[in-house]
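Student: Here's my sequence, what's the structure:
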Amino acid sequence: MPRPPRFFISPDQVAGSRIIVSGEDVRHIRTVLRVKLGETLILCDGNGTEYLVKIIESGKTELATEIVERSTRELSRPRVTLGQGLPKSDKMDWIMQKATELGVATIVPLVTERTIVKVRDAEKRLARWQKIAREAAMQSNRVDIPTVGSITSFHNFTITLDPGPLTLKLFPWEEGTEPVKNILRQHSDARHVVVLIGPEGGFSETEAVMARDQGFHQVSLGRNILRTETAAIAALSMILYELF
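Tutor: Sure, this is the predicted structure:
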């Protein structure tokens, strides 16, 4: 039997034994999926609680549902933050989607020395990326949605980062000689991992020194030079394999 369709809600939409679904999801549920009265959905509050609900009222802008079952799933540990140097064209869309599927908790777009793209309409771009992350989280059966941080400079990100205890900071770099797996295995108790990925052209030597001074391990992802989008997915996959 197929699983019911899955959507995210905010915790304040839960009122006793009922949950009201609103916004764009209503149109998708009614006209695309053609879910009818009496049928079920899975609603996630983004904090680990899932609700199996039955649709009891259907309107043009809202759906009223009744909670049938409630369950809790732990959020993935360690929490992973990806600082991604802004790439050209629509590569960031793809990185957002795949990083979400791989369990990243936070994605921060970075402007670096070698960033080529000029970001216009930053708020519109961020809203698009957050929507991509939300849709990817639904598709990949996550119980939370990654946070997409504001576009910030590499310098500001590294010097203001306050990740808390048991944090592992990774700086994959073409000049790095230590295999990332070695560092991951030495820090298997990490509760938070921060990984920085450069744009096309990679990081500059100045940025590498700055990252090192802020406690980042300069690591290698292998012998080959990877595209920025490939490097992001490779690094996250290695973290997933070793620490989850």
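
Student: ok, now how distant is Asp162 from Lys169?
Tutor: 12 Å (Cβ to Cβ, to the nearest Å). Backbone N, C-alpha and C define where each C-beta goes, glycine included.

Student: who has more neighbours, the two?
Tutor: Set Asp162 next to Lys169 and count neighbours by other Cβ atoms under 10 Å: Lys169 wins out with 23 against 5.

Student: For the more buried one, give me phi and psi.
Tutor: Torsion angles at Lys169 (phi, psi; degrees, to the nearest 10) stand at phi -110, psi 120.

Student: for the nearest residue in space to it that is not next to it in sequence, what are its contacts?
Tutor: Leaving aside its sequence neighbours, Lys169 sits nearest to Phe216 (Cβ to Cβ, 6 or more residues apart in numbering; 4.2 Å). For Phe216, the contact set (Cβ atoms under 8 Å, 6 or more residues apart in numbering) comprises 158, 169-171, 194, 196.

Student: With distance to Lys131, pLDDT and secondary structure added, can I get those residues in JSON lines?
Tutor: Below are these laid out as JSON lines (distance: Cβ to Cβ, whole Å; pLDDT from 0 to 100; DSSP: H, G, I helix; E, B strand; the rest coil):
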{"residue": "Thr158", "distance to Lys131": "28", "pLDDT": "95", "secondary structure": "helix"}
{"residue": "Lys169", "distance to Lys131": "29", "pLDDT": "97", "secondary structure": "strand"}
{"residue": "Leu170", "distance to Lys131": "28", "pLDDT": "98", "secondary structure": "strand"}
{"residue": "Phe171", "distance to Lys131": "30", "pLDDT": "98", "secondary structure": "strand"}
{"residue": "Val194", "distance to Lys131": "24", "pLDDT": "97", "secondary structure": "strand"}
{"residue": "Leu196", "distance to Lys131": "24", "pLDDT": "98", "secondary structure": "strand"}
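
Student: Thank you kindly, that will do.
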